[in-house]
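Chemist: this one's structure only:
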């Protein structure tokens, strides 16, 4: 995997969860259209109560080009004021990698748009939440 591909994967992980950091990334399959990967995220729940997610669906575009999808259909307990390691399968498309790489070379930053749909359960009941986020990530934030 090239340095730019790793940077694109890191962007996906960062955008997927504002309260999560990448622990490990495993590429599980590569083909002509893109590939699949497993994202291991360290998720922090800052609340003073447990949150349980039962479904997460995210879609990420880079430079107005679809990059990837992540779907997670298992229940995960996020302990109060604690970190939890979460494994999420995701797919990516080469078109998004190429669009992001071009933007990095031309402008030194990648524009992204993320839509995340969550099903969250607490002791107070369940709720569906949709989050939308747009922004730009400069290359200095992507490359260690």
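Modeler: Sure, I can see it. Because the structure is predicted, anything quoted here is derived from the model rather than measured. Numbers count the residues shown, from 1 in each chain.
Chemist: which secondary element of the protein has the worst mean pLDDT?
Modeler: helix 3-16 (a mean of 46; mean pLDDT, DSSP states H and E).
Chemist: mind listing the strands for the protein?
Modeler: For the chain, the strands defined by DSSP state E occupy 20-30, 34-45, 51-62, 65-72, 76-78, 82-93, 109-122, 125-138.
Chemist: residues contacting the third one, please?
Modeler: Same thing as strand 51-62. Outside strand 51-62, the residues that touch it by CB atoms under 8 Å, 6 or more residues apart in numbering are 8, 11-12, 15-16, 45, 66-78, 88, 96-97, 99-100, 103, 110-122, 126. Bear in mind the C-beta positions are built from the backbone N, C-alpha and C, glycine included.
Chemist: these, buried ones only, as a PyMOL selection?
Modeler: To isolate the buried subset of the contacts of strand 51-62 in PyMOL, counting by 16 or more other CB atoms under 10 Å, use the following:
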select buried, resi 8+11+12+15+16+45+66+67+68+69+70+72+76+78+88+96+97+99+100+103+110+111+112+113+114+116+118+119+120
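Chemist: look up how far residue 59 lies from residue 130.
Modeler: In this view, residue 130 and residue 59 are 11 Å apart by CB to CB, to the nearest Å.
Chemist: intersection of neighbour lists for these two?
Modeler: 115, 116.
Chemist: between the two, which is the more surrounded one?
Modeler: residue 59 (15 against 9; other CB atoms under 10 Å).
Chemist: and that one, bridged to which residues?
Modeler: For residue 59, the beta-bridge assignment (DSSP bridges) gives partners residue 69, residue 115.
Chemist: again, but for residue 127
Modeler: If you apply DSSP bridges, the partners that residue 127 bridges to are residue 120.
Chemist: any idea how far it is from residue 43?
Modeler: 18 Å.
Chemist: what about those two, which has more around it?
Modeler: With neighbours defined as other CB under 10 Å, residue 127 and residue 43 compare such that residue 43 has more, 20 against 10.
Chemist: just the pLDDT at the more buried one, thanks.
Modeler: At residue 43, the model reports a pLDDT of 75.
Chemist: wait, it touches residue 82, no?
Modeler: No: at 9.4 Å, residue 43 does not count as touching residue 82 under the criterion of CB atoms under 8 Å.
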